[in-house]
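**Q** this one's structure only:
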């Protein structure tokens, strides 16, 4: 399997090179040169596998330059850190299936990919004798999951940017209480979109990127998406066992288009997904695109689901590549247009294709809180605000002719205030969070300036 850029100037990369490159050197995002397809018999066989073996069977279709035994070991080591035997269990509540993705070290779905990516980085750097300086931006969960994936690992430093005061208190503590020497937290005076822009600008400085051996943990790194494809297959298998259903709906709360893009890849691989339901909070650039065909920046509005407070979805370019007929020139033109005007529009025919793949729903704060309240009253099951966005959208848009699977992306204890407001209870705190408020903290406040952050990195980077 080889990898190419959405913008056409990079191709023929091995998987190892794609992981280490992160963002393509032409500014595009990396994708496999072809997407493997599984027939129904192969998919049926996969439903019988435990999660680590299923992960190996899916991931090995995208990885042909790591020996099978080593890849199996990396996968097993990554999921040994999870607190549930099934890794991503599926529970049935109030007529829907909830895919719990929060049993990793930082209680968020990002752990599923970032535990693996951290181990991949360590493996590749040991093999090559190189060092790496990871840089990433977070709207809440990516930062802590990335940090936990590489904390204390040799030959890696990690620099994580988060928007000061715009993540939940627990999300911030999960980052800033990790004080290993290789971890640097930067609280920027701005939004997540500012942080994401800074990261892309830094990667766009190819001389700086090369000099400091920069690596990416945001979902611009293909390995992130690849690892997330697995739990779509796993959830389908679990629901098929329980219901006998031939196809399913997935409802996905999303801000950066990474999690739902993994579902899109799973569907292209042959997984019988009837429809992908895209759920956004009031920061609804993605819903507006699905409904109108125009992808247009608005103003970020802080919410009780802060991981979705995003206006520029970094994975959207990958989907755009397929929508525009895998034509890198058209992708480059569209992204140039977006840089200049803050907007992209597709044709009526292309919009019809979008709407064949996705339905979409914007969920207000009031609807989010009401969903948490009603779900708890009916089932005693506590949803976090992001999951509640997905549940509301799923119940609104699912046609009822196949089971509905809603992705539960974070543990409710990470969002104590809105959950308490909705349910009147303080969610049970997992052991990993007990006493976190009193742990030592380390964080640097810094302006949302590309040059200042480059200076900070250059003074502390491994070389």
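**A** Structure received. Fair warning: this is a prediction, and the values are worked out from it, not measured in the lab.
**Q** Helices of the stretch 151-300 of the chain, start to end?
**A** 169-176, 192-204, 206-211, 222-243, 258-268, 285-292 (DSSP state H, counting those that start in this stretch).
**Q** To residue 274, which of those lies closest?
**A** In terms of C-beta to C-beta, the element of the helices of the stretch 151-300 of the chain nearest to residue 274 is helix 258-268, at 9.5 Å. For glycine as for every other residue, the C-beta is placed from the backbone atoms N, C-alpha and C.
**Q** which secondary structure elements does the closest one contact?
**A** helix 222-243, strand 248-253, strand 273-280, helix 316-323 (3 or more C-beta pairs under 8 Å, 6 or more residues apart in numbering; DSSP states H and E).
**Q** Look at residue 37 and say how many residues are nearby.
**A** The number of residues packed near residue 37 is 10, by other C-beta atoms under 10 Å.
**Q** and the residue lying closest to it once chain neighbours are set aside, what does it touch?
**A** Nearest residue to residue 37 in three dimensions, chain neighbours excluded: residue 270, at 5.2 Å (C-beta to C-beta, 6 or more residues apart in numbering). By C-beta atoms under 8 Å, 6 or more residues apart in numbering, residue 270 lies in contact with 37-40, 42-43.
**Q** before we move on, the earlier item: hey, which of the helices and strands packed on helix 258-268 is tucked in deepest?
**A** Greatest average neighbour count among the helices and strands packed on helix 258-268 goes to strand 248-253 (a mean of 28), per mean count of other C-beta atoms under 10 Å.
**Q** Run a quick neighbour tally on residue 401.
**A** 10.
**Q** how would you label it: helix, strand or coil?
**A** coil (DSSP: H, G, I helix; E, B strand; the rest coil).
**Q** now it, nearest residue through space, not along the chain?
**A** residue 274 (7.4 Å).
**Q** hang on, that neighbour packs against residue 246?
**A** No. Using C-beta atoms under 8 Å, residue 274 is not in contact with residue 246; the gap is 9.4 Å.
**Q** which residues do the two both contact?
**A** residue 402.
**Q** The nearest residue to residue 194 once chain neighbours are set aside - how many residues pack around it?
**A** Leaving out its chain neighbours, the residue that sits closest to residue 194 by C-beta to C-beta, 6+ apart is residue 448, at 4.2 Å. By the measure other C-beta under 10 Å, the count of residues near residue 448 is 19.
**Q** ok so, going back, indicate which one of the helices and strands packed on helix 258-268 is closest to residue 266.
**A** helix 222-243 (3.9 Å).
**Q** So for the residue nearest to residue 194, what's the pLDDT?
**A** You'll see residue 448 listed with a pLDDT of 96.
**Q** again with residue 364
**A** At residue 364, pLDDT is 97.
**Q** How about residue 87?
**A** With respect to pLDDT, residue 87 has a value of 98.
**Q** and the residue nearest to it when sequence neighbours are not counted, how many residues sit next to it?
**A** Nearest residue to residue 87, sequence neighbours excluded (C-beta to C-beta, 6+ apart): residue 51, at 4.0 Å. Using other C-beta under 10 Å, residue 51 has 23 neighbouring residues.
**Q** give the contact list for residue 51.
**A** By C-beta under 8 Å, 6+ apart, the neighbours of residue 51 are 79, 86-88, 230, 234.
**Q** picking that back up, need the contacts of residue 270 in a markdown table (columns: distance to residue 189).
**A** Shown next, in a markdown table, are these (distance: C-beta to C-beta, whole Å):
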| residue | distance to residue 189 |
| --- | --- |
| 37 | 47 |
| 38 | 47 |
| 39 | 52 |
| 40 | 52 |
| 42 | 50 |
| 43 | 48 |
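**Q** Keep only those of those residues that are in helices.
**A** 40, 42-43 (DSSP state H).
**Q** Please tell me the pLDDT value assigned to residue 463.
**A** 85.
**Q** In contact with it: list those residues for me.
**A** Here residue 463 is in contact with 131, 212-213 (C-beta under 8 Å, 6+ apart).
**Q** mind running it again at 10 Å?
**A** 131, 133, 211-213 (C-beta atoms under 10 Å, 6 or more residues apart in numbering).
**Q** and the two most separated of those residues?
**A** 131 and 211 (11.9 Å).
**Q** Common neighbours of those two, please.
**A** Joint contacts of residue 131 and residue 211 (C-beta under 10 Å, 6+ apart) are 461, 463.
**Q** which stretch of helix or strand covers the closest residue to residue 9 other than its chain neighbours?
**A** Nearest residue to residue 9, sequence neighbours excluded (C-beta to C-beta, 6+ apart): residue 26, at 3.5 Å. Using DSSP states H and E, residue 26 falls within no helix or strand.
**Q** What is the neighbour count of residue 334?
**A** By other C-beta under 10 Å, the residues close to residue 334 number 20.
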